[in-house]
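Undergrad: Give me the fold of what follows.
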Amino acid sequence: MSNKKGDLRVWWVPQMPCKAFHVPVKSVDEAVLVLTTLANYDLFQLENNIKGDFCNAGGLNVFDDRDCGDHEDEDGWTDWYDDEGNDIDDVIMARTA
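TA: Okay, here's the model as predicted:
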């Protein structure tokens, strides 16, 4: 799969420190839906004794082929921020407040 500048992907680590998996998304709204669904699924498993205590993490990356310094993976993906400097956690929190 060839990535182009501006492509988005959700990353999710279901149990730290395991490797993240990635889900391509078409928009920030879709990323919010995927991240919220994954978090709610993990919470459901915890509350219903399906999964024991755990630590998960997730976020949103954007593909950018220019050099972004220390914030860029070796493959061109970097953390996503909106024009006001908010990351995906800030967007989710604002929408659920």
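
Undergrad: and the residue nearest to Ala94 when sequence neighbours are not counted, which of the three is it?
TA: Closest residue to Ala94 apart from its sequence neighbours, by CB to CB, 6 or more residues apart in numbering: Asn86 at 7.6 Å. The C-beta positions use only the backbone N, C-alpha and C, and glycine is treated the same way. Using DSSP: H, G, I helix; E, B strand; the rest coil, the structure places Asn86 in coil.

Undergrad: Please report how far Asn86 lies from Val25.
TA: 17 Å (CB to CB, to the nearest Å).

Undergrad: Tell me which of those two has more neighbours.
TA: Val25 (19 against 14; other CB atoms under 10 Å).

Undergrad: who's that one bridged to?
TA: As for beta bridges, Val25 partners with Leu8 under DSSP bridges.

Undergrad: what's near enough to touch the residue sitting nearest the centre point of the chain?
TA: What sits nearest the mean C-alpha location of the chain, by CA atoms, centre = their mean, is Gly59, with 2.1 Å. By CB atoms under 8 Å, 6 or more residues apart in numbering, the contact list for Gly59 reads Val10, Trp11, Leu35, Asp79, Trp80, Asp87, Ile88, Asp89.

Undergrad: next one: Arg9
TA: His22, Val23, Pro24, Val25, Leu60, Asn61, Phe63, Trp77.

Undergrad: Would you point out the most distant pair within the residues you listed?
TA: The distance between the two most remote of those (CB to CB) is 13.8 Å, for Val23 and Phe63.

Undergrad: So for these two, which sits in the more crowded spot?
TA: Between Val23 and Phe63, Phe63 has the larger neighbour count (other CB under 10 Å), namely 19 against 15.

Undergrad: who does that one bridge with?
TA: Trp77.

Undergrad: all numbers from here: first residue = 308
TA: Yep, numbering from 308; the last one is Phe370 now.

Undergrad: Next one, pLDDT for Glu379 please.
TA: Note on Glu379: pLDDT of 46.

Undergrad: again, but for Leu315
TA: Reading off the model, Leu315 has pLDDT 98.

Undergrad: Go ahead and confirm it touches Asp371.
TA: No: counting by CB atoms under 8 Å, Leu315 does not reach Asp371; the two are 11.0 Å apart.
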